[in-house]
Every structure is written in C-alpha cells, then in structure tokens.
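Visitor: Quick one: sequence plus predicted model below, questions after.
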Amino acid sequence: MSNTGDKVRVIIVGASGRMGRMLVRAVTESPSTVLVAATERTGSEFMARDAGELAGVETLGVRLVDNIESCAEADVIIDFTAPAATLTHARYAANHDVAMVIGTTGFTPEQMQQLQDTLSNSSVVMAANYSVGVNLALNLIEKAAQVLGNDYDAEIYEAHHKHKVDAPSGTALAMGKSLAAGRGVNLDDVAVLSREGITGARKPGTIGFSVVRGGNIVGEHQAMFIADEERIEINHNASDRMVFARGAVRAAGWLSDQSNGWFDMQDVLGLN
C-alpha cells in the first residue's frame with residue numbers, strides 16, 4: 001500500500017451516521033489523513049450531500065455515494081457499520097489492495113470467519129473499541145487476572161445508549177477475553193452471559209456479564225475482581241464518541257506503514 005504525499009487517503013463508509021460523521025471530523029482534524037470518499041446505504045436521505053457539511057466541518061467536496069466501487073483511490077477504509085455491510089466493503093478492500101480499520105461488532109462466528117478469509121492477504125486493524133483508555137484497561141485487566149487468579153470472582157458490567165443493537169458490547173467481550181487470557185482459559189468456556197430464575201450458587205472460575213441499555217449513554221465498562229475481603233475495579237467511561245473516532249484515525253495512520261497482517265489497537269499502541 002502506498003499513499004500520496006504525506007497524507008493517508010481514507011474512505012469513510014456509513015458516513016452519515018453518528019459515528020460516521022465523527023470519523024469524518026477526525027480524519028479532517030488529523031494532519032496525517034485526508035478524506036477522499038464517503039459512502040452511505042442506497043436510499044439514504046443524505047445521498048449526494050457533502051460529507052464535511054454533514055459532519056459540521058468545512059465543505060470538503062466529497063459527496064456521499066452508495067457504491068463503494070465508484071470511490072476514489074484510497075489507502076484505508078474505516079468501517080463502523082454492520083456485519084453484512086462490512087463484508088461487502090472487505091471484498092472491495094481485498095480486490096483493490098486497500099487496508100481496513102474495522103470497528104464493526106456483532107459478527108456471528110460464520111461472518112467472522114468469512115471476514116478473515118476475505119482479508120487474509122490484507123492489512124487490517126480490528127478492535128472492539130478504539131479508545132486509547134479502553135485498550136490500556138484491557139492490558140491492565142489481563143495483568144490483574146494473572147495476579148488474582150480464580151480466588152477472585154470476576155464480573156464485567158457495561159452500559160450503552162438505547163440504540164445499540166448488540167449485547168454484550170464488543171468492548172465488554174474484549175474485556176472478558178483479556179480476563180480469560182490472564183487466567184489461561186477460553187472465554188467461551190467460562191462466560192455467563194445472562195442470569196434468570198434460580199441459578200444456583202456461582203460456579204468458581206466463571207466470568208459474569210451485566211448489560212444496561214438506555215438514554216444516550218456513550219459507553220461505560222467495568223471489570224470487577226471480587227473477594228470476600230476486597231473488590232478491585234478497572235473502569236472506563238466515555239463521555240464523547242470522538243474518542244473512538246480519533247483512535248480509529250490513529251490506527252489508519254499506523255496501518256499505512258505496516259505490511260499485510262491482522263492487528264488490533266494493542267498493536268497500534270505498542271502494548272503487545
């Protein structure tokens with residue numbers, strides 16, 4: 001992958017959505033990136049609108065289109081859409097030697113395998129959360145789990161706005177995976193994703209999840225390690241979605257200098 005001049009050329013897909021508009025803002029604010037194209041689903045009321053105007057920044061001369069094949073040549077696609085749409089964008093990326101920064105969550109195992117197969121020879125950063133703070137928290141959670149082991153009961157709590165369609169959040173699951181990795185187990189073998197009725201006593205070694213949906217909560221996540229004598233909490237609260245957009249743009253800039261491979265924000269931040 002190569003870029004023109006000193007700026008990484010970026011396509012934002014789903015550019016009229018809340019996250020898409022923030023990604024447009026973040027790309028225009030960054031001195032290392034330039035927006036060259038923006039897409040939205042067919043039939044959108046925002047079709048042909050200027051992406052910059054929609055995002056509340058200056059007019060960029062980049063109008064929304066509904067066909068990624070008509071987009072200008074780019075180095076990176078930033079995708080925070082939905083699984084089916086991301087798979088379509090991935091095929092474009094693979095066919096045109098374009099890198100991808102993926103923030104989409106909610107993939108089924110089959111969709112995830114399809115995505116990995118499609119992008120097997122591409123440069124990809126995929127993360128459940130692009131906040132620098134969240135990714136530091138993931139690192140701390142794994143270290144805490146290594147030290148505390150199964151002597152401490154583990155619970156993960158998350159809260160998001162009422163429009164979020166998947167649960168638990170991708171970030172909560174990433175916390176669970178970090179915690180499980182610290183204990184040397186597979187999350188799928190120990191996760192308790194819901195509780196209802198007479199559940200019986202807690203099974204040692206399990207990782208419980210709690211979910212809240214309501215209002216305009218941007219994102220709250222908490223990992224708890226609970227013993228009879230004490231409780232250790234690792235928390236992250238987001239107050240503005242721009243923290244995710246800026247992290248994704250940071251990942252796009254980092255990815256432009258990488259060889260083909262599959263990375264996450266831990267790699268971008270040098271935490272791995």
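Guide: Perfect, thanks for sending it.
Visitor: hmm, who's touching stretch 182-193?
Guide: Identification of contacts with stretch 182-193 by CB atoms under 8 Å, 6 or more residues apart in numbering yields 141-146, 149-150, 168, 173, 176-177, 179-180, 203, 205-209. For the C-beta atoms, the positions are set from N, CA and C on the backbone; glycine is no exception.
Visitor: Repeat the analysis, applying 6 Å as the threshold.
Guide: Stretch 182-193 is touched from outside by 142, 145, 146, 176, 177, 180, 205, 206, 207, 208, 209, with contacts defined as CB atoms under 6 Å, 6 or more residues apart in numbering.
Visitor: Which entries within those meet the buried criterion?
Guide: The neighbour count (16 or more other CB atoms under 10 Å) marks 142, 145, 176, 177, 180, 207, 208, 209 as buried among the contacts of stretch 182-193.
Visitor: just the residues you listed now: which is nearest residue 117?
Guide: Proximity of the buried ones among the contacts of stretch 182-193 to residue 117 was ranked by CB to CB; the top entry is residue 177 with 21.2 Å.
Visitor: pretty sure that closest one belongs to a helix, no?
Guide: Yes. Residue state for residue 177 (DSSP: H, G, I helix; E, B strand; the rest coil) corresponds to a helix.
Visitor: Is residue 250 in a helix, a strand, or coil?
Guide: Of the three states, residue 250 takes helix under three-state DSSP.
Visitor: What sits closest to it if chain neighbours are left out?
Guide: residue 268 (6.5 Å; CB to CB, 6 or more residues apart in numbering).
Visitor: That neighbour and residue 69, how far apart?
Guide: 29 Å (CB to CB, to the nearest Å).
Visitor: Who has more neighbours out of those two?
Guide: Just comparing residue 268 and residue 69: by other CB atoms under 10 Å the higher neighbour count belongs to residue 268, 24 against 9.
Visitor: Could I get the phi/psi values of that one?
Guide: phi -60, psi -40 (degrees, to the nearest 10).
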